[in-house]
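Q: when you get a sec, could you give me coordinates for this:
(one chain, ligands or ions: 2)
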Amino acid sequence: MGIIEFDNTKKYDLILLGRVAIDFNPIDYYKPLSESVTFKKYLGGSPANIAVGMARLGKKIGFIGKVSDDQFGDFVTNYFNKEGIDTSHITRCTNGEKLGLTFTEILSETESSILMYRDSIADLQLDVKDIDEDYIMNTKAILISGTALAQSPSREAALKALALAKKNNVKVIFDVDYRPYNWKNDDEIAIYYSVVAKESDVILGSREEFDLTEQLIEKGRTDLETAKYFHSQGCKVVVIKHGKEGSTAYTNDGNQYSIKPFPVKLLKSFGGGDGYASAFLYGLFEGLDIIDCLELGSASAALLVASHGCSEDMPDIKSVKEFIADSKKKYGDMIARA
Ligand SMILES: Nc1ncnc2c1ncn2[C@@H]1O[C@H](COP(=O)(O)OP(=O)(O)OP(=O)(O)O)[C@@H](O)[C@H]1O
Ligand SMILES: O=C(O)C[C@@H](O)[C@H](O)C(=O)CO
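A: Ligands and ions are numbered 1, 2, ... in the order given. As a prediction, the model looks like this:
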């Protein structure tokens, strides 16, 4: 039994709530996006990427989201169906809202960025009437992706899902997932992120994302202060990521575990967080020790930042374990264990 006690009688392991979008990553990279001509289309959206990652790791996955009523909405739901992800609670917009589009710029071997088109966006039209208690009752855990809190009606839908999860003893995972595009101001970020974080059993975020969350509580906290605060609110695991510097998990029994990134040739700096979340959470559902969950997450993240895509390149557990074994053979047993 791991640190999170899941109800293993439930139909789903995890139901994720948030955006499904599309990534367009350049085939002709190492140049400004303005000069790229050819792109590869992938399913995208951080929670959608995590859903694909966890399905490929063998977990039973559901999703609550809103997509455009057009061919791009068809593309993403068909992709989910092909990956074995339940789409019964993915609904279509009725007023022409569009699916989010993300264009990745791979400028050089060390510089990349994303350009997100998110006006009149479909995913933020998720509504409280789309949140079904019977669906939520049937999962071990829900994952709320922070961007779903950026605007109404999605904001209230996410908070309703949170309330129903707590009511039905469904564990809550909060992936802070900060994308600036749809937020009105820092106060709203702090208000809504902290409301969800305080109710969560597991929180995953970068240092910057925790700073945004805590700005109306206390500024300038250390990672340990942040972790202790959310443990005092009932959170069991706080994971704080520091990009290529690695990450640390703080558990509510007072222990902390750090992991470093696995060495890879970076192609794009995006996707690591989604690969990390999928494999780390897989480890939690498997009841693994936290350090082993971190190792899986760090390995999957490394594979993703070395890949051209995100969802499409999510690894199965065999690939993750082979990568870890190869890395240990090449660099030594303690390669990632800080
Ligand atoms: N250059 C790198 N080489 C190897 N691993 C990396 C590199 N950069 C990031 N990672 C891995 O990816 C993990 C998550 O990256 P990061 O901290 O940037 O999270 P994030 O901002 O949520 O990612 P994303 O860009 O997917 O949203 C890191 O903790 C690390 O394990
Ligand atoms: O999170 C997004 O909406 C963009 C993703 O689809 C993209 O793959 C990325 O940046 C991964 O974190």
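
Q: how about the residues of the stretch 151-300 of the chain near ligand 2?
A: With the criterion set to Cβ under 6 Å from any ligand atom, the stretch 151-300 of the chain comes near ligand 2 through 270-271, 273-274. C-beta coordinates here come from the backbone N, C-alpha and C atoms, glycine included.

Q: do a quick rundown of the helices in the stretch 101-250 of the chain.
A: Listed in chain order, the helices of the stretch 101-250 of the chain (DSSP state H, counting those that start in this stretch) span 133-137, 154-167, 186-198, 207-214, 223-232.

Q: what's around whatever residue of the stretch 51-200 of the chain ends up closest to ligand 2, how many residues?
A: Among all residues of the stretch 51-200 of the chain, Thr102 sits closest to ligand 2, at 4.3 Å; criterion: Cβ to the nearest ligand atom. When counting by other Cβ atoms under 10 Å, one arrives at 23 neighbours for Thr102.

Q: go on, Asp175?
A: For Asp175, the count of nearby residues is 28 (other Cβ under 10 Å).

Q: could you do Leu107 as well?
A: Taking other Cβ under 10 Å as the criterion, the count of residues near Leu107 is 16.

Q: next: Leu281.
A: Leu281: 29 surrounding residues under other Cβ under 10 Å.

Q: what strand or helix carries it?
A: Element membership of Leu281 [criterion: DSSP states H and E] is helix 272-285.

Q: and that helix with helix 207-214, angle?
A: Comparing the axes of helix 272-285 and helix 207-214 via axes from the mean of the first three to the mean of the last three Cα atoms, to 10 degrees yields an angle of 80 degrees.

Q: next helix or strand past helix 272-285?
A: Once the chain leaves helix 272-285, the next helix or strand it forms, by DSSP H and E, is helix 290-305.

Q: specify the angle between that following helix and helix 272-285 in degrees.
A: Compare the direction of helix 290-305 with that of helix 272-285 by the same axes, to 10 degrees and you get 150 degrees.

Q: name the nearest residue to the residue in the stretch 1-150 of the chain that ligand 2 sits nearest to, ignoring sequence neighbours.
A: At 2.9 Å from ligand 2, Gly44 is the closest residue in the stretch 1-150 of the chain, using Cβ to the nearest ligand atom. Taking Cβ to Cβ, 6 or more residues apart in numbering, and ignoring the residues beside it in sequence, Gly44 has Asp23 as its nearest neighbour in space, at 3.5 Å.

Q: could you give the bridge partners of that neighbour?
A: Applying DSSP bridges to Asp23 gives these bridge partners: Tyr42, Thr102.

Q: could you verify my assumption that it touches His308?
A: No - under the criterion of Cβ atoms under 8 Å, Asp23 makes no contact with His308, lying 10.0 Å away.

Q: neighbour-wise, which of these two wins?
A: The residue with more neighbours, out of Asp23 and His308, is Asp23; 27 against 18, by other Cβ under 10 Å.

Q: pLDDT score assigned to that one?
A: As predicted, Asp23 sits at a pLDDT of 98.

Q: ok, it - contacts?
A: Under the criterion of Cβ atoms under 8 Å, 6 or more residues apart in numbering, the contact partners of Asp23 comprise 41-44, 102-104, 309-311.

Q: closest one of those residues to Gly58?
A: Here the nearest of the contacts of Asp23 to Gly58, counting by Cβ to Cβ, is Ser311; it sits at 16.4 Å.

Q: shouldn't the closest one be in contact with Ile50?
A: No - taking Cβ under 8 Å as the definition, Ser311 is not a contact partner of Ile50, at 9.2 Å.

Q: neighbour count: these two, which is higher?
A: Between Ser311 and Ile50, Ile50 has the larger neighbour count (other Cβ under 10 Å), namely 33 against 26.

Q: surely that one is in a helix?
A: Yes - when the secondary structure is assigned by DSSP: H, G, I helix; E, B strand; the rest coil, Ile50 falls within a helix.

Q: quick check: it vs Lys41, distance?
A: For Ile50, the distance to Lys41 equals 19 Å [Cβ to Cβ, to the nearest Å].

Q: ditto for Pro261
A: Spatial separation of Pro261 from Lys41 under the definition Cβ to Cβ is 28 Å.

Q: these two: which is more packed in?
A: For Pro261 against Lys41, the residue with the higher neighbour count under other Cβ under 10 Å is Pro261, and the figures read 21 against 14.

Q: which residues does that one contact?
A: Residues near Pro261 by Cβ under 8 Å, 6+ apart: 244-246, 298, 301-302, 336.

Q: where's the dip in pLDDT among these?
A: By the confidence score, Ala336 is the least certain of these, showing 81.

Q: and stretch 217-236, anywhere near ligand 1?
A: No - interface with ligand 1: stretch 217-236 contributes nothing (Cβ under 6 Å from any ligand atom), its closest point being 12.8 Å away.

Q: please export the C-alpha coordinates of that stretch as CSV.
A: As requested, C-alpha coordinates have been extracted for stretch 217-236 and formatted as CSV (Å, rounded to 0.1, in the frame of the first residue of the first chain):
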residue,chain,number,x,y,z
ILE,A,217,-0.8,33.5,1.6
GLU,A,218,3.0,34.2,2.0
LYS,A,219,5.5,35.2,-0.6
GLY,A,220,9.1,33.9,-1.0
ARG,A,221,8.6,30.5,0.7
THR,A,222,11.3,27.8,0.4
ASP,A,223,10.2,24.5,-1.1
LEU,A,224,10.1,23.0,2.4
GLU,A,225,8.0,25.8,3.7
THR,A,226,5.6,25.4,0.8
ALA,A,227,5.4,21.6,1.4
LYS,A,228,4.8,22.0,5.1
TYR,A,229,2.0,24.5,4.5
PHE,A,230,0.1,22.2,2.1
HIS,A,231,0.7,19.2,4.4
SER,A,232,-0.9,21.3,7.2
GLN,A,233,-4.0,21.7,4.8
GLY,A,234,-4.2,17.9,4.4
CYS,A,235,-2.1,17.3,1.3
LYS,A,236,-0.1,14.0,1.4
